[in-house]
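Novice: have a look at this fold, sequence not included:
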């Protein structure tokens, strides 16, 4: 560490402020009563508790773009269902806006790569988009259509936790409105990439959980400066093995850490063995955002069983 004294002082300040970061002011959603559910959240307070770090926390897998596989396209409810049938899953999905202001699940600005159509998402109405079929990552056409955000949220209650990646030029207010309308507060996390974006979401909906980019201790201070309590934060710590001092600091504040393994770390696990996913957890990560959700889940399930880890919020 280049500046141990500076970091020690910073850690002391953050620890002192920890009580201020934690807030109990909440607006709970209606209870979720879905049969066959995986996650047993009676309201948004349960989500806060579940996503607060403790040594006994269950390590989780986040399926990047929903966990696409042969025959199962990215950002499709059918793909989400396939993943949810096999594990307690976080589903990371992408939100775009149509010409007629409907929120749909789509990663790219155009529909060329992932559907049988062409052109920009925002130049098509929902009705026009529904004429096309989704393609899997190999380009094979499926029977599945582009889902709306509301359709996905209605499907997901009790089945998954969503992390919602809001694409450029999509107003956060529309996303918040969709979460409210579908009563999805207790299983939705909104992804942000800066303290300013996180502040916008928190000001619109103080009860919603936020995925915030935290790669340095100072990033946590910036979030605190914008009055965002720790209870509303899960930290995305990047796509490289994080500095253990950072994850230790976040854990002291009860903040769970998402490590993006998609890309290089997934390739390392594929080449050297899936036990690496458990090593990422042992070294400070709590949630792995991966393009290999089934492989990661198998490794983490073994890890959790070996240590006797369980959660009252998971069936």
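Specialist: Great, that's in hand. Keep in mind that this is a model prediction, so the values were computed, not measured.

Novice: every contact and neighbour count from this point should use C-alpha atoms.
Specialist: OK.

Novice: distance of residue 119 relative to residue 187?
Specialist: For residue 119, the distance to residue 187 equals 32 Å [C-alpha to C-alpha, to the nearest Å].

Novice: oh sorry, the question was meant for residue 284
Specialist: 24 Å.

Novice: more neighbours, the two?
Specialist: residue 187 (28 against 22; other C-alpha atoms under 10 Å).

Novice: which non-adjacent residue is nearest the more buried one?
Specialist: Closest residue to residue 187 apart from its sequence neighbours, by C-alpha to C-alpha, 6 or more residues apart in numbering: residue 161 at 4.7 Å.

Novice: what pairs with that neighbour across the strands?
Specialist: residue 90 (DSSP bridges).

Novice: what lies in contact with stretch 90-110?
Specialist: Residues from elsewhere that reach stretch 90-110, judged by C-alpha atoms under 8 Å, 6 or more residues apart in numbering: 60-67, 75-76, 80, 118-126, 146-150, 160-168, 170, 174-175, 289.

Novice: quick one: low-confidence parts of this structure?
Specialist: 1-36 (pLDDT under 70).

Novice: tell me which stretches of it form strands.
Specialist: Using DSSP state E, the strands of the chain run over 60-63, 89-97, 103-105, 160-166, 188-191, 209-213, 233-236, 257-260, 287-290.

Novice: end-to-end on stretch 268-286?
Specialist: 18 Å.

Novice: check stretch 143-150 too.
Specialist: End-to-end distance (C-alpha to C-alpha), stretch 143-150: 20 Å.

Novice: just stretch 212-228 next, same as before
Specialist: 10 Å.

Novice: kindly report the same for stretch 253-266.
Specialist: 28 Å.

Novice: with stretch 286-296 instead?
Specialist: End to end - C-alpha to C-alpha - stretch 286-296 spans 12 Å.

Novice: run through who's touching that stretch.
Specialist: Where contact means C-alpha under 8 Å, 6+ apart, the residues beyond stretch 286-296 that reach it are 57-64, 67-68, 83, 86, 92, 256-263, 266, 274, 277, 281.

Novice: in PyMOL, select just the buried ones from those.
Specialist: With 16 or more other C-alpha atoms under 10 Å as the criterion, this PyMOL line picks the buried residues out of the contacts of stretch 286-296:
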select buried, resi 57+58+59+60+61+62+63+64+67+68+83+92+256+257+258+259+260+261+262+266+274+277+281
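
Novice: export the strands of the chain to TSV and tack on distance to residue 203?
Specialist: Formatted as TSV, the strands of the chain follow (distance: least, C-alpha to C-alpha, whole Å):
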stretch	distance to residue 203
strand 60-63	26
strand 89-97	20
strand 103-105	21
strand 160-166	16
strand 188-191	13
strand 209-213	12
strand 233-236	14
strand 257-260	23
strand 287-290	26
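
Novice: show me the helices in this structure, by range?
Specialist: Shown for the chain, the helices assigned by DSSP state H span residues 4-21, 44-50, 77-84, 126-129, 149-156, 172-181, 195-204, 217-225, 244-252, 264-272, 275-282, 293-307.

Novice: can you list those in JSON lines and add distance to residue 37?
Specialist: Putting the helices of the chain into JSON lines (distance: least, C-alpha to C-alpha, whole Å) gives the following:
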{"stretch": "helix 4-21", "distance to residue 37": "32"}
{"stretch": "helix 44-50", "distance to residue 37": "14"}
{"stretch": "helix 77-84", "distance to residue 37": "10"}
{"stretch": "helix 126-129", "distance to residue 37": "30"}
{"stretch": "helix 149-156", "distance to residue 37": "9"}
{"stretch": "helix 172-181", "distance to residue 37": "19"}
{"stretch": "helix 195-204", "distance to residue 37": "28"}
{"stretch": "helix 217-225", "distance to residue 37": "33"}
{"stretch": "helix 244-252", "distance to residue 37": "28"}
{"stretch": "helix 264-272", "distance to residue 37": "29"}
{"stretch": "helix 275-282", "distance to residue 37": "26"}
{"stretch": "helix 293-307", "distance to residue 37": "18"}
